[in-house]
Each structure stands twice: as structure tokens, then as C-alpha cells.
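> Everything below, folded, please.
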Amino acid sequence: MMDSLTILLTAVGLAMDAFAVSLSSGLTLRCPNCRNASRIAGAFGCFQAVMPVIGWYIGRGFKPLIEGVDHWVAFGLLGLVGIKMIVDALHPEHERYARDPLDTRVLLVLALATSIDALAVGLSFAMLDGSIVLPVIIIGAVTFGMSFAGVMAGGRFGHLLGRRAEVVGGLILIGIGTRILVEHLR
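Below you'll find the predicted structure:
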């Protein structure tokens, strides 16, 4: 079972990708407003909440097969997701938001792309004993809030933060994976 602080830090780490894309979305909108920010944040928050559930159900099926090394699996998945986020942030040629973020198809692709990491985190949650309900609620709410703030701030100073948010999110997830491993090896 994960403690509340770990769940919150995981949520913040996962939301950093959506936050960075939200900042960029805010930059591309002529005049970001609450309606547009809510639409983008709602899509990101919903996808970030649903993907861990899918991963958790998949992971629960495999748990009996890997119980002896579940802490290594959680460490590996969180580490890989964190490294992927950092690598993606450091390679700006992988622009993901060149089109109108309010176009439904573009928004769905952005929401899916930023939530794939949450699927892997859901797999790692399955290796821990506990319910997925509270983590999912927190992940969805934190992602919504950070994405909303990202869109609104993007029009003002999104160019200053940019991809640094994704690097921080990656480092947080690597740290949580390391913590899970160390606690199980004691």
C-alpha cells in the first residue's frame, strides 16, 4: 500500500507531461480562458485517471506470476517511465502540439499521448497491495488542476518553463521507484 505522500508525488510526476503540453497549448491559443482550459484539463485528467486503472487490471492478472520480484517490476516501470519523460523533454524535435489543441481529434491524441505513462504506473500499482481508487482520484484531480493552470499560464509565461516540468516529473517517478525498491529490500 502506498502512503498519501507517495500517491501525491506520483500524481504530480505523471501530471508534469500534461502540464508541459498544457503550457504549450496555452501558448498556441489566442486568448486562453476558463472554458478552453477546462476542456483541455478535463481531457488530460480523465485519460490520466483511466489509464492507471487499465494498467492495474492488466497487472493484477500477472501479479501471481511475479510476486517474488514485484518490487523490481515497480522500480523498473517507474524508472523507465521517468527516463522516457526526461529523454522526451530533452529532445525538443519531438513536438507534440503543433496543431490546435481545442480540435477534438488533436485533444484526444494529446490526452492519450500524455497518459501512456500512467498505464505503466498502473501496472506498478498492481504489484503493491492496495486499492487503485484513491490513487486514480488523486492522479485525475492533480492532472486536471495542473493542466488547467498550465493552459492559463501558457499564454503568459509558458515559454519560460517549457519542458523543464517534464524533467522534474521524470525525476520524481524515478525517485518513487527507487524508494519502493529500497523499502522492499530491507
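> And the nearest residue in space to P52 that is not next to it in sequence, what's its pLDDT?
Leaving out its chain neighbours, the residue that sits closest to P52 by CB to CB, 6 or more residues apart in numbering is G122, at 3.3 Å. C-beta here means a position set from N, CA and C on the backbone, and glycine is covered the same way. Among the per-residue scores, G122 holds a pLDDT of 90.
> now do G158
In this prediction G158 is given a pLDDT of 57.
> that older thread, same for the helix or strand where the residue nearest to P52 lies, what does it pack against?
G122 is part of helix 104-126, with elements assigned from DSSP states H and E. Judged by 3 or more CB pairs under 8 Å, 6 or more residues apart in numbering; DSSP states H and E, helix 104-126 is in contact with helix 4-28, helix 34-66, helix 70-90, helix 164-185.
> For G162, report the pLDDT, please.
The confidence metric pLDDT takes the value 62 at G162.
> Check the one 5 residues further on too.
For V167, the model assigns a pLDDT of 77.
> swap in A11?
Model confidence at A11, expressed as pLDDT, equals 94.
> Also A111?
Listed pLDDT for A111 reads 88.
> likewise I132?
On pLDDT, I132 comes in at 92.
> okay if I get the helices and strands packed on helix 104-126 as a markdown table plus distance to M152 and mean neighbour count?
As requested, the helices and strands packed on helix 104-126 are arranged in a markdown table below (distance: least, CB to CB, whole Å; neighbours: other CB atoms under 10 Å):
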| stretch | distance to M152 | mean neighbour count |
| --- | --- | --- |
| helix 4-28 | 6 | 24 |
| helix 34-66 | 5 | 19 |
| helix 70-90 | 21 | 20 |
| helix 164-185 | 15 | 19 |
